[in-house]
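>>> could you look at this predicted model? Sequence included:
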Amino acid sequence: MIWRVGLGLLLVWVLGFIWFAGWLPEPAPMERTDAVIVPTGGAGRIARGLDVVQTDSADTLLVTGVDPEVTPGEFAAEFEVPADVMDCCVTLGFAATDTRGNAQETKEWAEQNGIQSLRLVTSDWHMRRASIELRRELPDSVKVIKDAVRSEPSLWMLFVEYHKWLVSRTVGPLFS
């Protein structure tokens with residue numbers, strides 16, 4: 001009897017991984033929001049977030065999880081951000097060190113800035129977990145658009161992220 005339960009759990013795990021790896025979240029169509037949020041860490045994320053702000057699809061951008069040693073000038077130079085855009089529209093968040101921290105930093109920033117709608121820009125493989133953590137922190141009244149940046153994650157990266165996502169879905173709420 002116990003082997004059937006184990007086999008059933010293994011089957012659920014395998015099918016879940018196939019779904020997780022085979023159907024990654026997609027980029028979202030442009031829709032105006034108050035802000036765009038970009039957790040650091042993946043190629044194309046910051047460029048996409050800057051594109052959203054510079055095409056006037058959002059008023060402001062929070063880049064969360066920035067290394068504390070990075071200066072705004074270095075950031076602007078690296079990503080070729082015009083000075084006027086840095087001054088009006090880009091906030092660098094230095095408090096977060098992980099996905100849960102990104103969500104907490106975003107919540108505090110959104111509250112301070114009266115944000116009612118935001119676009120979460122992160123890698124396709126990271127979107128599910130990042131959006132869970134963000135939803136856990138933000139009030140239900142804040143609209144969140146999930147805008148995944150396409151990538152080519154390795155099977156190992158998907159394997160690791162699948163397990164982080166499972167923990168976030170099951171154990172994560174216990175620590176909130």
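Right, received. Where do you want to start?
>>> for this protein, what spans make up the helices?
2-22, 45-54, 72-79, 83-89, 99-113, 127-137, 155-170 (DSSP state H).
>>> make TSV from the ones you listed and add distance to P39 to it.
The way it works is simple: take the backbone N, C-alpha and C, and place the C-beta from them, glycine included. TSV is the format used below for the helices of the chain (distance: least, C-beta to C-beta, whole Å):
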stretch	distance to P39
helix 2-22	19
helix 45-54	7
helix 72-79	15
helix 83-89	18
helix 99-113	4
helix 127-137	6
helix 155-170	13
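>>> of these, which is nearest R119?
helix 45-54 (6.0 Å; C-beta to C-beta).
>>> switch the helices of the chain over to a markdown table; also include distance to A148 and mean neighbour count.
Output for these, formatted as a markdown table (distance: least, C-beta to C-beta, whole Å; neighbours: other C-beta atoms under 10 Å):
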| stretch | distance to A148 | mean neighbour count |
| --- | --- | --- |
| helix 2-22 | 13 | 11 |
| helix 45-54 | 9 | 20 |
| helix 72-79 | 20 | 13 |
| helix 83-89 | 22 | 13 |
| helix 99-113 | 15 | 19 |
| helix 127-137 | 5 | 20 |
| helix 155-170 | 13 | 15 |
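>>> would you turn these into TSV with mean pLDDT and distance to L120?
Listed next are the helices of the chain as TSV, based on pLDDT from 0 to 100; distance: least, C-beta to C-beta, whole Å:
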stretch	mean pLDDT	distance to L120
helix 2-22	88	18
helix 45-54	94	10
helix 72-79	94	19
helix 83-89	93	17
helix 99-113	96	8
helix 127-137	95	6
helix 155-170	93	15
